[in-house]
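In: kindly return the folded structure for what I paste below:
(chains A and B)
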Protein chains: 2
Amino acid sequence: MNYPSGIKKSIVKEKEPRNFKNLGMNLESDINSTNEYYINKEIAYIYKKPTPIKLVKVDYKKGEIKEAYFEKPSTTDYNGIYHGKYIDFEAKETINSKGFPLSNIHKHQISHIRNIVKEKGICFLIVRFTKINETYLLMAKDFIDFIDNNKKSVIPITFFKEIGYQIKEKFIPRVDYLEIISKMEEENGKEKEKSIKWRWTGKSKT
Amino acid sequence: MNYPSGIKKSIVKEKEPRNFKNLGMNLESDINSTNEYYINKEIAYIYKKPTPIKLVKVDYKKGEIKEAYFEKPSTTDYNGIYHGKYIDFEAKETINSKGFPLSNIHKHQISHIRNIVKEKGICFLIVRFTKINETYLLMAKDFIDFIDNNKKSVIPITFFKEIGYQIKEKFIPRVDYLEIISKMEEENGKEKEKSIKWRWTGKSKT
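Out: As a prediction, the model looks like this:
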């Protein structure tokens, strides 16, 4: 990084090593505040699921858990409704700036994502490459395509740049992922209306 | 209950006190097996959310939770996708045979249900009255209507019988709640197609 003359590197480092804009925010808190914005504006209702925990010792009388372990998640972090539709995504940060290591997503989560795609839910990943501070949305079908057609253990960042959509950070809402989804839904909607028009006006679709 | 002559009452009692049909099954396991059936038949993808737990003492190195408490749920038990749509419900058993005590549903759960109705998700309650072994589906909008227009702390069973839909127990799937939802969706779909037809053929809707 090049610092303007007169600014001491050490002072900058103390304040915020990564980026002035971020002020200690991470992807999770950015998404949580974005979801709050969506709820308040009645744009969508999307929320974080509880962390799955395996209980071992429980005092049910006191409602106290004495021994338990974190379970590997079998679903994704967030889900909810957008225009009546099911929406679901996983959010991950990686310090790897060349790509996204697939070890971040568990086997059961991949089954979950496949089920959602099959049942026509809106599903995607949000991945932030923290070193370059870029955040991408990758649709689940493209993610599954990659897994099914590659033996690589890392999805290269070029794949996110070419097939995914960059989410530019804003002040409010922080990570406006629904901006991307709404454009896609608009296009899908137009296609559907066209096909119904064809049907009703007796024109056959070619 | 009348026992055939020769069968000792005590033996029957030991085996299954409630109902021969149930064989120890409760509403939760009935719903879980129903959801498995829906996934296998690719009818819908509906799953149980993890139980929300408040962590107090955690050994993050070992991934061991040493002290934690059950939190009051802020959402519902089940959610998922049905024909691309968001579907969400809470399932409850009650031994009260006159009605369903509202104390079974927490304040935050009611907000959650309101949010879903607002965002046009499919949302309902499944309530089993265990003493009479009858199970009802009550749509969220009717549930919210009751809460907003009554000061009662119990929803009388007559409300379920008149406004709700009885789910008759089957062998497979056990509680086929989507049978009811699919009929509703069919009706809604017909209404929507009609309105699009009106628009495209230039007929104004009266």
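
In: how about the host helix or strand of residue A:185: buried residues?
Out: Taking DSSP states H and E as the criterion, residue A:185 maps to helix A:177-200. The neighbour-count check on helix A:177-200 (16 or more other C-beta atoms under 10 Å in any protein chain shown) flags A:177, A:178, A:180, A:181, A:197 as buried. (Glycine included, C-beta is placed from N, CA and C.)

In: okay, the second one: pLDDT?
Out: Put plainly, it is residue A:178. Residue A:178 carries a pLDDT value of 97.

In: ok, the last one next?
Out: Residue-level confidence at residue A:197 comes out at 64, pLDDT.

In: got the residues of chain A near chain B?
Out: A:39, A:42, A:44-45, A:47, A:49-53, A:63-71, A:75, A:79-87, A:115-116, A:118-121, A:193, A:196-197, A:200-201 (C-beta under 8 Å from any C-beta of the partner chain).

In: what about the helices in chain A?
Out: Taking DSSP state H, the helices of chain A run over residues A:9-15, A:27-40, A:107-118, A:140-149, A:157-163, A:177-200.

In: just how off-centre is stretch A:64-81 within its chain?
Out: 17 Å (C-alpha atoms, centre = their mean, to the nearest Å).

In: what's the average pLDDT for that stretch?
Out: Mean per-residue pLDDT for stretch A:64-81: 92.

In: report the buried residues of it.
Out: For stretch A:64-81, burial by neighbour count (16+ other C-beta under 10 Å) applies to A:65, A:68, A:73, A:75, A:76, A:77, A:78, A:79, A:80, A:81.

In: repeat for stretch A:28-35
Out: Residues A:30, A:31, A:32, A:34, A:35 are the ones in stretch A:28-35 that count as buried (16+ other C-beta under 10 Å).

In: what about the first one, distance to residue A:93?
Out: As for residue A:30, its distance to residue A:93 is 10 Å (criterion: C-beta to C-beta, to the nearest Å).

In: please apply the same query to residue A:160.
Out: To residue A:93, residue A:160 is 13 Å away according to C-beta to C-beta.

In: what about those two, which has more around it?
Out: Per other C-beta atoms under 10 Å in any protein chain shown, whichever of residue A:160 and residue A:93 has more neighbours is residue A:160, with 22 against 16.

In: which stretches of chain A have low pLDDT?
Out: Applying pLDDT under 70 to chain A picks out residues A:1-25, A:195-206.

In: show me the contacts for the spatially most central residue of it.
Out: Centroid-nearest residue in chain A, with C-alpha atoms, centre = their mean: residue A:126, separated by 2.8 Å. Residue A:126 is in contact with A:27, A:31, A:89, A:90, A:91, A:92, A:135, A:136, A:137, A:167, A:175, A:177, counting by C-beta atoms under 8 Å, 6 or more residues apart in numbering or on different chains.

In: number of nearby residues for the fourth one?
Out: By the measure other C-beta under 10 Å, the count of residues near residue A:90 is 22.

In: make sure it is actually in contact with residue A:77.
Out: Yes - Residue A:90 sits in contact with residue A:77 when judged by C-beta atoms under 8 Å, with a separation of 5.4 Å.

In: just to revisit the earlier point, so which of the buried residues of stretch A:64-81 are in strands?
Out: Judged by DSSP state E, the buried residues of stretch A:64-81 include A:65, A:68, A:78, A:79, A:80, A:81 as members of strands.

In: redo those as CSV? Include distance to residue A:188.
Out: Output for those, formatted as CSV (distance: C-beta to C-beta, whole Å):
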residue, distance to residue A:188
A:65, 44
A:68, 43
A:78, 21
A:79, 20
A:80, 19
A:81, 17
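
In: what is the residue nearest to the centre of chain A paired to in the beta sheet?
Out: Assessed by DSSP bridges, residue A:126 has beta-bridge partners residue A:91, residue A:137.
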